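Peer 1: A structural model of the following input is requested.
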Amino acid sequence: MLAGLIVFACLALIIHQFISPIHFSLNAPGVRINPDQFLILVIVAFFIPALGEEFIFRGILLPRPQGWRQIWVTSLLSVAMFVLWHPLQVWIGLPTGQPIFLTPGFLILVAGLGLICTALTLRSGSLWPAVALHWVVVVGWKAGTG
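Peer 2: Down below sits the predicted model:
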């Protein structure tokens, strides 16, 4: 999981240099998160995006395929659906949808997270490393950007 987090952080830094979809700063105006809000964020982020999305996109949509060709096909399908899910939330008006979900830079980061979570799930044979990575990324993003 730590290797996945490092790879994702490197991807995020590269994307930030070229596209800059998210401005991360704990000192930025409007980024004031108190301990109670942070605790709620930690709990909600675990169940809603992390566990919920990983269960669907890596647990259900990523069956244990036979052979490398099937692994590639199901992996790419899982990641593509994970990426499409984010703008779909905005388009259908879900409360979790945010305008940033429509930006190219954010969607590249979502694809990167999806690929890393898929690799973690396939390599470990468990959903938990992907859930943990997804959770840490969401908490870091939400806490760091307000």
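Peer 1: what's the burial count for residue 108?
Peer 2: 18 (other C-beta atoms under 10 Å). (Glycine included, C-beta is placed from N, CA and C.)
Peer 1: what sits against residue 114?
Peer 2: Neighbouring residues of residue 114 by C-beta atoms under 8 Å, 6 or more residues apart in numbering: 57, 78, 79, 82, 83.
Peer 1: Which residues in the longest helix along the chain does the neighbour count mark as buried?
Peer 2: Scanning the chain for the helix with the most residues, using DSSP state H, yields helix 68-91. By neighbour count on 16 or more other C-beta atoms under 10 Å, the buried set for helix 68-91 is 74, 75, 78, 79, 82, 83, 85, 86, 87, 89.
Peer 1: Give me the nearest residue to residue 111, chain neighbours excluded.
Peer 2: When the adjacent residues along the chain are set aside, residue 111 lies closest to residue 83, with 5.0 Å between them (C-beta to C-beta, 6 or more residues apart in numbering).
Peer 1: Burial check on the closest residue to residue 86 other than its chain neighbours, number of neighbours?
Peer 2: Closest residue in space to residue 86, ignoring its immediate chain neighbours: residue 101 at 4.3 Å, by C-beta to C-beta, 6+ apart. Residues near residue 101, counting by other C-beta under 10 Å, number 18.
Peer 1: pLDDT wise, what is the nearest residue to residue 104 once chain neighbours are set aside at?
Peer 2: Counting by C-beta to C-beta, 6+ apart, residue 19 is the residue found nearest to residue 104 once chain neighbours are left out, at 6.4 Å. Note on residue 19: pLDDT of 71.
Peer 1: Could you list the low-pLDDT ranges of this structure?
Peer 2: Scanning the chain for pLDDT under 70 picks out the ranges 20-32, 65, 146.
Peer 1: just the helices in it please.
Peer 2: 2-18, 35-45, 54, 68-91, 104-124, 128-145.
Peer 1: Perfect, that will be all.
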